[in-house]
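Asker: Okay, structure incoming, though there's no sequence with it:
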């Protein structure tokens with residue numbers, strides 16, 4: 001994940017949930033969600049399995065969106081996350 005020394009951003013559940021519920025619903029700010037989805041697909045943003053599970057467990061548009069990304073999640077116990 002970080003072997004090539006590029007910057008990678010790790011997002012928390014609230015990074016998705018708060019904008020969805022309070023500021024940037026899909027119908028108001030689709031470009032925000034396109035930007036996030038694109039950067040997740042490109043590997044610039046990574047999502048922990050725990051975060052994915054929390055967001056995907058819902059039954060709203062946000063859970064449908066994150067499930068539709070088909071992203072690879074990472075476990076929070078990997079050496080890269082733990083700082084080796």
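Answerer: All right, it came through fine. What you see is a predicted model; the values in this text were computed from it and never measured.
Asker: ok, and the closest non-adjacent residue to residue 25?
Answerer: With C-beta to C-beta, 6 or more residues apart in numbering as the criterion, residue 25 has its nearest non-adjacent residue at 7.9 Å, and that residue is residue 61. (C-beta placed from N, C-alpha, C; glycine too.)
Asker: So which residues of this structure form strands?
Answerer: Ranges of strands in the chain, per DSSP state E, are 9-11, 45-47.
Asker: what comes up buried for the first one?
Answerer: Of the residues in strand 9-11, those buried under the neighbour-count criterion (16 or more other C-beta atoms under 10 Å) are residue 11.
Asker: who's in contact with the nearest residue to residue 9 once chain neighbours are set aside?
Answerer: Once flanking residues are discounted, residue 9 sits nearest to residue 45: 4.9 Å by C-beta to C-beta, 6+ apart. Neighbouring residues of residue 45 by C-beta atoms under 8 Å, 6 or more residues apart in numbering: 8-11, 36, 39.
Asker: need these in TSV with distance to residue 67, can you?
Answerer: Listed next are the contacts of residue 45 as TSV, based on distance: C-beta to C-beta, whole Å:
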residue	distance to residue 67
8	22
9	21
10	20
11	16
36	14
39	17
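Asker: for those residues, which one is nearest residue 68?
Answerer: Closest approach to residue 68 among these (C-beta to C-beta): residue 36, at 12.4 Å.
Asker: Got the confidence number for that closest one?
Answerer: Confidence at residue 36, expressed as pLDDT, is 94.
Asker: and if you look at residue 2?
Answerer: Predicted confidence (pLDDT) for residue 2: 47.
Asker: Could you do the one 10 residues further on as well?
Answerer: Taken from the predicted model, the pLDDT recorded for residue 12 is 91.
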